[in-house]
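K.L.:
heads up, no residue letters with this:
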């Protein structure tokens, strides 16, 4: 579906390079920038987020409580979201190519527009974007015309995100749209979801979720509650991703690539205040190496990735 394809892959230029591998095999050519073209739109688009399940491995020490993320109506949180994505690819013996995305910092004002109630277990959060920044000069110029962009989240009481709403400014350039959308996409798949049973300090639980990034990945996050300070919880997270299939079915019936090897793992620490809709502090980094080949095994693609998500309290 064209609209969803704009938001689902977190690395669109990297996907274009992979697609070009099949073109190389077929003796055709492909532009690595073609997949980054995003047409203008002034409407909000809702992107479903894969469901989350949790499994408690150790309930931790007493006292134990059920941790519910239920910020009150009209709660306002100021938070800075910084993301980066490094992507390096090499096709056969060709020179290694850099498809990395520049670091982006999004100052966000998160406002709870609907709180959990007896009739509705969801929290709806509106996200207003301040002046986005990046060390990349071209992207900074694009951000200047992206004023008025925003987003939104729907959260369950466990903290799991069930929907991401994207609201780009009508005149935002393609580069700004893509950078903002990728930052939000990275963030929602690095959130902590709590189990719906009582846990205490030292508790360990697994968070299972599918991630769609061209390949369907099973993501397992092992979370450990390392500290509690009043109503703030510090959670250490170890993440591992594995592909569900042994082949990558390429879009538009372009064939498939064999997944010869795949590693993607990382860790980090997040601080959660259940009275706030977003993490109040923390950082997660995910990195890995993958190898793909065409069905005949004549052409190889090697890829190295590193994604980083950082949360820091912002200024009102």
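P.N.:
Perfect, I can see it now. As the structure is a prediction and not an experimental result, all values here were calculated from the model. Numbering: from 1, shown residues only.

K.L.:
got the contact list for the closest residue to residue 245 other than its chain neighbours?
P.N.:
Residue nearest to residue 245 in three dimensions, not counting chain neighbours: residue 216, with 6.8 Å by CB to CB, 6 or more residues apart in numbering. For every residue, glycine as well, the C-beta is placed using N, CA and C. Contacts for residue 216 were tallied using CB atoms under 8 Å, 6 or more residues apart in numbering; they are 210, 243-245.

K.L.:
change it to 10 Å
P.N.:
By CB atoms under 10 Å, 6 or more residues apart in numbering, the residues touching residue 216 are 50, 210, 243-245, 248-249.

K.L.:
and residue 211, by the same measure?
P.N.:
Residue 211 makes contact with 8, 10, 49-50, 185, 189, 217-219, 239, 241, 264, according to CB under 10 Å, 6+ apart.

K.L.:
ok, of those residues, which come out buried?
P.N.:
8, 10, 49-50, 185, 189, 217, 219, 239, 241, 264 (16 or more other CB atoms under 10 Å).

K.L.:
ok, so of these, who is nearest residue 97?
P.N.:
Nearest to residue 97 among the buried ones among the contacts of residue 211, counting by CB to CB, is residue 10 at 17.7 Å.

K.L.:
confidence-wise, which helix or strand of the protein is lowest on average?
P.N.:
helix 2-7 (a mean of 27; mean pLDDT, DSSP states H and E).

K.L.:
might one say that residue 204 is in contact with residue 221?
P.N.:
No: with contact defined as CB atoms under 10 Å, residue 204 does not count as touching residue 221 (11.2 Å).

K.L.:
which of the two has more neighbours?
P.N.:
Applying other CB atoms under 10 Å to residue 204 and residue 221 shows that residue 221 carries more neighbours, namely 25 against 16.

K.L.:
could you give the bridge partners of the more buried one?
P.N.:
Counting by DSSP bridges, residue 221 is bridged to residue 207, residue 239.

K.L.:
go through the buried ones among the contacts of residue 211 and flag which are in strands.
P.N.:
If you go by DSSP state E, the buried ones among the contacts of residue 211 have 217, 219, 239, 241 in strands.

K.L.:
where are the low-confidence patches of this protein?
P.N.:
Residue ranges of the chain with pLDDT under 70: 1-42.

K.L.:
for it, what spans make up the helices?
P.N.:
2-7, 12-26, 137-143, 174-188 (DSSP state H).

K.L.:
where exactly do the strands run in the stretch 1-150 of the chain?
P.N.:
Counting by DSSP state E, counting those that start in this stretch, residue ranges of the strands within the stretch 1-150 of the chain are 45-48, 52-58, 76-91, 97-98, 101-114, 123-129, 150-155.

K.L.:
between the ones you listed, which gets nearest to residue 64?
P.N.:
Of the strands of the stretch 1-150 of the chain, the one closest to residue 64 (CB to CB) turns out to be strand 52-58, at 10.5 Å.

K.L.:
buried set for that closest one?
P.N.:
For strand 52-58, by 16+ other CB under 10 Å, it's 52, 54, 56.
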